[in-house]
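A.B. asks: no letters, just coordinates:
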Ligand SMILES: NC(=O)c1ccc[n+]([C@@H]2O[C@H](COP(=O)([O-])OP(=O)(O)OC[C@H]3O[C@@H](n4cnc5c(N)ncnc54)[C@H](O)[C@@H]3O)[C@@H](O)[C@H]2O)c1
């Protein structure tokens, strides 16, 4: 375990991530930070009081400041607001960019060596804000989206095939949005190409459902968005770092020439270990997949150019 992991934003995703980190004992302390007075303190205390039952020694502490977060090994950023009626996507982006900027200024001051895992939306643009504001090297700024999108894809495939989720290997690349790119050519069931087990029409339906995975949950919840799987995704990345697992996970990473692209965050296969991003893996893609990845990059660049920070 590491000494300290901070989770900024004690809302649905942040609080659930803190609980998962504690239950896995990934750090001695998990610090939950939020601007809402009392919320992180109450949730932190409640989680610490479940420790004697769930049997973990990770101390969860809630706070409204950053002193307690000093020298965190990892900081997971989930602070933000959801879109309100009448608010455009650009309004939301600029509001959340302001929030992520103020959070990152504090984090860079108090935990200058931390590895950041950004979760706040719009994901790929918020990663850019985090990198720009902190000035951290690219190995220490990662975004969580591909792990979630891939988990949704794997869950739907497991349902369709009636097999264990464990046996489905897959990757969803690209930006976190309608343009995400599920890579069918690398989707296997215990090594068997999925195209041998499911027909194209079924696969296309699953890809479509994956693309709309977030909206499907919002449709049910009405007043909020998904948080169990998103928090699990962020914690899987944190675990790979803490345990130096060198896992190959689809994460949003700052590209420096990989896939012929530079100067943006995009979901690509990454090796994740103790240094955060150990390596971006460049894999062969079909021409259709490469084209879809390019389109996805365009959809990230456009708002990135407009963000006011
Ligand atoms: N990347 C992904 O795949 C993914 C998945 C799910 C959710 N998200 C995003 O994660 C974010 C959090 O989602 P949620 O469901 O937990 O929302 P939520 O509304 O439940 O929680 C957000 C929290 O952020 C806090 N906050 C606002 N400004 C802050 C600041 N300056 N400092 C600290 N805390 C601040 C709020 O008080 C609130 O408690 C949203 O932007 C959401 O869109 C991303």
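C.D. replies: Noted; the coordinates are in hand. Quick caveat: nothing in here was measured; it's all calculated off a predicted structure.

A.B. asks: CA atoms for contacts and neighbours, from now on please.
C.D. replies: Noted.

A.B. asks: and for residue 196, the neighbour number?
C.D. replies: Residues lying near residue 196 (other C-alpha atoms under 10 Å) number 10.

A.B. asks: contact residues of the chain facing the ligand?
C.D. replies: Residues of the chain lying close to the ligand by C-alpha under 6 Å from any ligand atom are 8-14, 33-36, 78-81, 99, 103, 119-121, 123, 144-145, 148, 225-227, 230.

A.B. asks: now those residues: which count as buried?
C.D. replies: 8-14, 33-34, 78-80, 99, 103, 119-121, 123, 144-145, 148, 225-227, 230 (16 or more other C-alpha atoms under 10 Å).

A.B. asks: among those residues, which are in helices?
C.D. replies: 12-14, 99, 103, 123, 148, 230 (DSSP state H).

A.B. asks: any chance of those residues in a markdown table, plus pLDDT and distance to residue 210?
C.D. replies: Output for these, formatted as a markdown table (pLDDT from 0 to 100; distance: C-alpha to C-alpha, whole Å):
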| residue | pLDDT | distance to residue 210 |
| --- | --- | --- |
| 12 | 97 | 21 |
| 13 | 97 | 19 |
| 14 | 98 | 23 |
| 99 | 98 | 28 |
| 103 | 98 | 31 |
| 123 | 94 | 17 |
| 148 | 97 | 10 |
| 230 | 97 | 14 |
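
A.B. asks: now distance to residue 268 too, for those, in JSON lines please.
C.D. replies: Formatted as JSON lines, these follow (distance: C-alpha to C-alpha, whole Å):
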{"residue": "12", "distance to residue 268": "26"}
{"residue": "13", "distance to residue 268": "23"}
{"residue": "14", "distance to residue 268": "24"}
{"residue": "99", "distance to residue 268": "26"}
{"residue": "103", "distance to residue 268": "25"}
{"residue": "123", "distance to residue 268": "14"}
{"residue": "148", "distance to residue 268": "13"}
{"residue": "230", "distance to residue 268": "18"}
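
A.B. asks: of all those, which comes closest to residue 64?
C.D. replies: Using C-alpha to C-alpha, residue 103 is the member of these that lies nearest residue 64, at 11.5 Å.

A.B. asks: going along the chain, name the strands of the stretch 101-250 of the chain.
C.D. replies: 115-118, 141-143, 168-169, 172-173, 181-182, 188-189, 192-193, 247-256 (DSSP state E, counting those that start in this stretch).

A.B. asks: any idea which of the ones you listed scores lowest on pLDDT?
C.D. replies: Confidence, taken as mean pLDDT, is least for strand 181-182 of these (a mean of 92).

A.B. asks: other SSEs contacting that one?
C.D. replies: Applying 3 or more C-alpha pairs under 8 Å, 6 or more residues apart in numbering; DSSP states H and E, we find strand 181-182 packed against strand 172-173, helix 287-306.

A.B. asks: tell me which residues in the longest one are buried?
C.D. replies: Going back to what we said before, that points to helix 287-306. Buried residues in helix 287-306, defined by neighbour count with 16+ other C-alpha under 10 Å: 289-290, 292-297, 299-301, 303-304.

A.B. asks: any idea how far the closest residue to residue 145 other than its chain neighbours is from residue 53?
C.D. replies: Excluding the flanking residues, the one nearest residue 145 by C-alpha to C-alpha, 6 or more residues apart in numbering is residue 176, at 5.8 Å. Distance, residue 176 to residue 53, using C-alpha to C-alpha, to the nearest Å: 37 Å.

A.B. asks: the two: who's more crowded?
C.D. replies: More crowded of residue 176 and residue 53, by other C-alpha under 10 Å: residue 176, with 27 against 8.

A.B. asks: tell me who's in contact with that one.
C.D. replies: 122-124, 145-146, 149, 267 (C-alpha atoms under 8 Å, 6 or more residues apart in numbering).

A.B. asks: that older thread, need the pLDDT of the residue nearest to residue 145.
C.D. replies: Predicted confidence (pLDDT) for residue 176: 89.

A.B. asks: ditto for residue 222
C.D. replies: pLDDT, residue 222: 87.

A.B. asks: can you report how many residues lie near it?
C.D. replies: With other C-alpha under 10 Å as criterion, residue 222 counts 9.

A.B. asks: now swap in residue 286 and tell me
C.D. replies: Using other C-alpha under 10 Å: residue 286 sits among 11 other residues.

A.B. asks: residues touching it, list them.
C.D. replies: residue 185.

A.B. asks: ok, how many other residues are close to residue 100?
C.D. replies: By other C-alpha under 10 Å, 26 other residues sit near residue 100.

A.B. asks: so how far is residue 24 from it?
C.D. replies: Distance from residue 100 to residue 24, counting by C-alpha to C-alpha: 27 Å.
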